[in-house]
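Novice: turn this into a structure:
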Amino acid sequence: QVQLVESGGGLVQAGGSLRVSCAASGRTLSSYTMAWFRQAPGKEREFVAGISRSGGSTYYADSVKGRFTISRDNAKNTVALQMNSLKPDDTAVHYCAARSRYGVGLTRTDYDYWGQGTQVTVSS
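Specialist: Alright, predicted model coming up:
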């Protein structure tokens, strides 16, 4: 079993950048496909970005494509999401998620483990 802890959220102005990170413990991160999801108030939790076990394949929601970059460092047991050109619509709690199966899943139920989330707020 793996434990996930996010960090790096905060308040940023529209057009700015923010980097959120996820640190894993309990098991080596290379055993998991990883993803970032987000949930805004009153909305469903939605897929943002995913990355394969090796880091060789990445996937993005259309809403963040070209602005966000997901990466992982299996040696350090960390996953990060670099967010550029942020918009007020990006305001949400951002969650790190892990699944033991191969392939990036796009829905909440595809993932077995979750962090507690980190708040990202983008002001206009």
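Novice: tell me which element the residue nearest in space to the middle of the chain falls in.
Specialist: For the chain, W36 is the residue whose C-alpha lies nearest the centre (C-alpha atoms, centre = their mean; 2.2 Å). In the assignment (DSSP states H and E), W36 maps to strand 33-39.
Novice: what strands line up against that strand, and which way round?
Specialist: Sheet pairing of strand 33-39 (DSSP bridges) gives strand 46-51 (antiparallel), strand 92-99 (antiparallel).
Novice: and L106, which of these is closest to it?
Specialist: In terms of C-beta to C-beta, the element of those nearest to L106 is strand 46-51, at 4.7 Å. All C-beta spots, glycine's among them, are computed from the backbone N, C-alpha and C.
Novice: contact partners of that closest one?
Specialist: Under the criterion C-beta atoms under 8 Å, 6 or more residues apart in numbering, residues 33-39, 57-61, 64, 68-72, 79, 81, 94, 104-107 lie in contact with strand 46-51.
Novice: measure the residue nearest to the centre of the chain to R108 for me?
Specialist: Per C-beta to C-beta, to the nearest Å, W36 is found 12 Å from R108.
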